[in-house]
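Q: got a sequence here, can you build the structure:
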Amino acid sequence: MTTIRGVWTLADRVGGPVREVPVELPRGTAAVTVRLSYDRSAGTLDLGCAGPGGFRGWSGGARSEFTVGPGWATPGYLPGEVEPGVWWVLLGLYRIPDDGLPYEIRVIAHRRPPAMPRDHPSGGVRVPRAQHREPAASRRGLPSLEGLRWLAGDLHAHTTHSDGSLGVHELACLAADRGLDFLAVTDHNTVSHHAELASASALAGIQLVPGQEVTTDLGHANAYGDIGWVDFRTDPEEWAATVRERGGVLSINHPVAGDCAWRHPMTADRPRVAELWHWSWWDRTWGAPLAWGQAWAEDLVVVGGGDFHRPEEGHPPGAPTTWVLADPSAGTEGIVAALAEGRTAVSAAPDGPLLLRHGDEFLTVGADGLVLWGPGTRAVVRGERAVFPAGPGTHRLETPSNEVMALCT
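A: Just a heads-up that it's a prediction; the model follows:
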């Protein structure tokens, strides 16, 4: 066992938010366990690792220990052979007090792979199969358009692979029970959950979109698509270029949400997609998200995100709900393509009032008495369903007291 001790200072944090602590693993190492200890009441350290072959995982501040082996790894980390040579324990200096933060790292090089914990997601945890449910478009009687159908989902959710409390399979069944057609699983700075998406999707009867929440002190962004890992230690312009080159979509997350608001400067190559409607926008008479969106991009694509972590928080998947007009036969690739092309809308819940851009018209559903607002558009909605000429730009449905009830790109 190797033990490393030290003290991180406030100057260290200012000098660089992610530090690499090297450790030598001898030849013959079958698995490695890393244990981090520090006073959590005094500060916060994020945890991850990289090996000679590259990035192997990240758990942020959610874990103080991980194991990587050839057949299994702690959620958030990638299993595989443990190469001999220099490995790096990655430490994110998230919160460091003025008088410094002492820490200790213990690295255990196993000669034999340790037994898989019983509660590990790959250990045969049984989850009840979700019941078959009618697609959201059929339930709500939404029309198709040139072979495309409206799908209801949530583009932001977390599991035990980062700081969520549910495994991938449990989360998939919960989202299906909510009546969603798709869910993007976007664990922080890792893609280890991608290996479980296919089996969880088949179990729950829901489309699980591969995702990663690229997470830094200055803001978060979701990368959508089966595009591999995006290095959060680089600049946002590089995230955008990487995601685009691999055929994915990058979305700016919760841009005005407290201490995780978007503060990265991006003078060029700004992503069009933005999560203006985050669950934390609980007072939707407050117009800051809409104002930010107008300033960010003229051709903005609006999406929503429930940012689910655990059931007890009280905002389940689909609160809010993002709707995409997609090719239902194209699977998750069709959903990602719909995001890229701006065929999106957002409602408060799967059964909430809807505003959809459907061809050359706006279609409102369940919006009687609401007000349609947009560039050059002002109209009171009458009836369970109504249509209006579709003008350019982001539009919304509001109550007479100016509470936003639906958005449409």
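
Q: so Thr242, which state does it fall into?
A: Here Thr242 is helix, with the state taken from DSSP: H, G, I helix; E, B strand; the rest coil.

Q: quick check: the nearest residue to it once chain neighbours are set aside vs Leu276, distance?
A: Of all residues not flanking Thr242 in the chain, Val230 sits nearest, at 5.6 Å (Cβ to Cβ, 6 or more residues apart in numbering). (Each C-beta comes from the backbone N, C-alpha and C, glycine too.) Computed as Cβ to Cβ, to the nearest Å, the Val230 to Leu276 distance reads 22 Å.

Q: quick one, which of these two is more surrounded?
A: Leu276 (28 against 22; other Cβ atoms under 10 Å).

Q: I'd like the next helix or strand past the host helix or strand of Leu171.
A: Here Leu171 sits within helix 168-177, counting by DSSP states H and E. Remark: after helix 168-177, the chain's next helix or strand is strand 182-185, criterion DSSP H and E.

Q: alpha carbons of the following helix or strand past that following strand, in CSV - could you do that?
A: Under the assignment DSSP H and E, the closest C-terminal helix or strand after strand 182-185 is helix 194-204. Extracted in CSV, the C-alpha atoms of helix 194-204 (Å, rounded to 0.1, in the frame of the first residue of the first chain):
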residue,chain,number,x,y,z
HIS,A,194,-23.0,3.9,-21.1
ALA,A,195,-22.2,0.2,-20.9
GLU,A,196,-25.5,-0.3,-19.0
LEU,A,197,-27.8,1.7,-21.2
ALA,A,198,-28.8,-1.0,-23.7
SER,A,199,-29.9,-3.5,-21.1
ALA,A,200,-31.7,-0.9,-19.0
SER,A,201,-33.5,0.4,-22.1
ALA,A,202,-34.7,-3.1,-23.0
LEU,A,203,-35.8,-3.7,-19.5
ALA,A,204,-37.8,-0.5,-19.0
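
Q: okay, the angle between helix 194-204 and helix 168-177?
A: Comparing the axes of helix 194-204 and helix 168-177 via axes from the mean of the first three to the mean of the last three Cα atoms, to 10 degrees yields an angle of 40 degrees.

Q: could you measure from the residue nearest to Thr242 over to Trp239?
A: Where Trp239 is concerned, Val230 sits at a distance of 5 Å (Cβ to Cβ).

Q: find residues that contact each of these two.
A: Residues within reach of Val230 and of Trp239 at once, by Cβ atoms under 8 Å, 6 or more residues apart in numbering, are 214, 223.

Q: and the end-to-end length of stretch 61-80?
A: Start-to-end span of stretch 61-80 (Cα to Cα, to the nearest Å) is 23 Å.

Q: and it, which residues are buried?
A: 61-63, 66-69, 72-79 (16 or more other Cβ atoms under 10 Å).

Q: how far off centre is it?
A: Mean-position distance between stretch 61-80 and its chain equals 20 Å (Cα atoms, centre = their mean, to the nearest Å).

Q: again, but for stretch 335-350
A: With Cα atoms, centre = their mean, you get 15 Å for stretch 335-350.

Q: now swap in stretch 82-90 and tell me
A: Centre to centre, stretch against its chain (Cα atoms, centre = their mean), the figure for stretch 82-90 is 28 Å.

Q: tell me which residues in it are buried?
A: 82, 87-90.

Q: who touches that stretch?
A: With Cβ under 8 Å, 6+ apart, stretch 82-90 has contacts from 4, 18-32, 34, 36, 46-53, 58, 68-70, 105, 107.

Q: rewinding a little: hmm, the residue nearest to Thr242 is touching Tyr224, no?
A: No. Judged on Cβ atoms under 8 Å, Val230 makes no contact with Tyr224 at a distance of 10.7 Å.

Q: dump the residue contacts of Leu407.
A: Here Leu407 is in contact with 276-277, 302, 304, 345-346, 355, 394-396 (Cβ under 8 Å, 6+ apart).

Q: confirm it sits in a strand?
A: Yes. The assignment for Leu407 by three-state DSSP puts it in a strand.

Q: which non-adjacent residue is nearest it?
A: Val346 (4.3 Å).

Q: do a quick rundown of the helices in the stretch 1-150 of the chain.
A: For the stretch 1-150 of the chain, the helices defined by DSSP state H, counting those that start in this stretch cover 10-15, 136-139.

Q: among the ones you listed, which is nearest Gly376?
A: Across the helices of the stretch 1-150 of the chain, Gly376 has its closest neighbour in helix 136-139 (28.9 Å, Cβ to Cβ).

Q: one step back: ok, now how distant is the residue nearest to Thr242 from Arg19?
A: 20 Å.

Q: thanks again, I'm all set now.
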